[in-house]
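K.L.:
Below is the structure, and that's it, no one-letter string:
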């Protein structure tokens, strides 16, 4: 089944787009869509965000939390599943904060996406269009996010960029 990478900046509408696509596909398949969430509530503001996102999705969604073991969550999908991963950049932050081996984690994730039998939308932030971060951790995160997005785009069946709520299809250059 196809995997679609949905890229965009903060508040661009990328998650809403992926959710609408998954809801439509799930309704056609007679299934409840699945949200594979990577966020962790380290503080009150993040808990509020997570609660708002759940409320906005509504009760028709199932949720699987996978802040670190995203590849395992993707491998657990079957051909009848319709799912959204939201989002890769939070997963990357979690990997970095837990001092995980990033190349190995990215390899594992791209293998899982390649083998994924489900209809899947993978949401990620495009962070490379802003100011250069003023510290080494910020620069490393920006660089690793760009690498991760490229790796996922290479194995995805399609990709799009969401800007101001509008969808731009992306095509391969090679």
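P.N.:
Right, received. Where do you want to start? The structure displayed is predicted, hence computed values, not measured ones.

K.L.:
quick one: the helices in this structure?
P.N.:
14-29, 44-57, 70-75, 88-97, 102-115, 136-155 (DSSP state H).

K.L.:
What degree of burial does residue 113 show, as a neighbour count?
P.N.:
23 (other Cβ atoms under 10 Å). In this view, the C-beta of every residue, glycine as well, is placed from N, C-alpha and C.

K.L.:
Then residue 141?
P.N.:
By other Cβ under 10 Å, neighbour count at residue 141 equals 17.

K.L.:
gap between it and residue 120?
P.N.:
Applying Cβ to Cβ, to the nearest Å, the value for residue 141 to residue 120 is 24 Å.

K.L.:
cool, and residue 14?
P.N.:
15 Å.

K.L.:
cool, residue 47 as well?
P.N.:
Distance from residue 47 to residue 120, by Cβ to Cβ: 27 Å.

K.L.:
out of the two, which sits in the busier spot?
P.N.:
residue 120 (26 against 13).

K.L.:
So the more buried one sits against residue 84, correct?
P.N.:
Yes. Here residue 120 reaches residue 84: they are 7.5 Å apart, a contact under Cβ atoms under 8 Å.

K.L.:
For residue 127, see how far away the residue located most distally from the centre of the chain is.
P.N.:
The centre of the chain is farthest from one residue, residue 134, which by Cα atoms, centre = their mean lies 25.7 Å away. Computed as Cβ to Cβ, the residue 134 to residue 127 distance reads 14 Å.

K.L.:
Could you do residue 174 as well?
P.N.:
23 Å.

K.L.:
and these two? which has more neighbours close in?
P.N.:
residue 127 (20 against 3).

K.L.:
Residue 145 is in contact with that one, correct?
P.N.:
Yes. When contacts are counted by Cβ under 8 Å, residue 127 is listed as touching residue 145 (4.9 Å).

K.L.:
shared neighbours, those two?
P.N.:
residue 89 (Cβ atoms under 8 Å, 6 or more residues apart in numbering).

K.L.:
before we move on, the earlier item: closest to residue 38 out of the helices of the chain?
P.N.:
helix 88-97 (4.1 Å; Cβ to Cβ).

K.L.:
List the buried residues for the closest one?
P.N.:
Applying a neighbour-count criterion of 16 or more other Cβ atoms under 10 Å, one finds 88-96 buried in helix 88-97.

K.L.:
Packing partners of that helix?
P.N.:
The elements that helix 88-97 packs onto, with contact taken as 3 or more Cβ pairs under 8 Å, 6 or more residues apart in numbering; DSSP states H and E, are helix 102-115, strand 119-125, helix 136-155.

K.L.:
Tabulate these in JSON lines, adding columns for distance to residue 162 and mean pLDDT.
P.N.:
JSON lines is the format used below for the helices and strands packed on helix 88-97 (distance: least, Cβ to Cβ, whole Å; pLDDT from 0 to 100):
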{"stretch": "helix 102-115", "distance to residue 162": "19", "mean pLDDT": "98"}
{"stretch": "strand 119-125", "distance to residue 162": "9", "mean pLDDT": "98"}
{"stretch": "helix 136-155", "distance to residue 162": "13", "mean pLDDT": "96"}
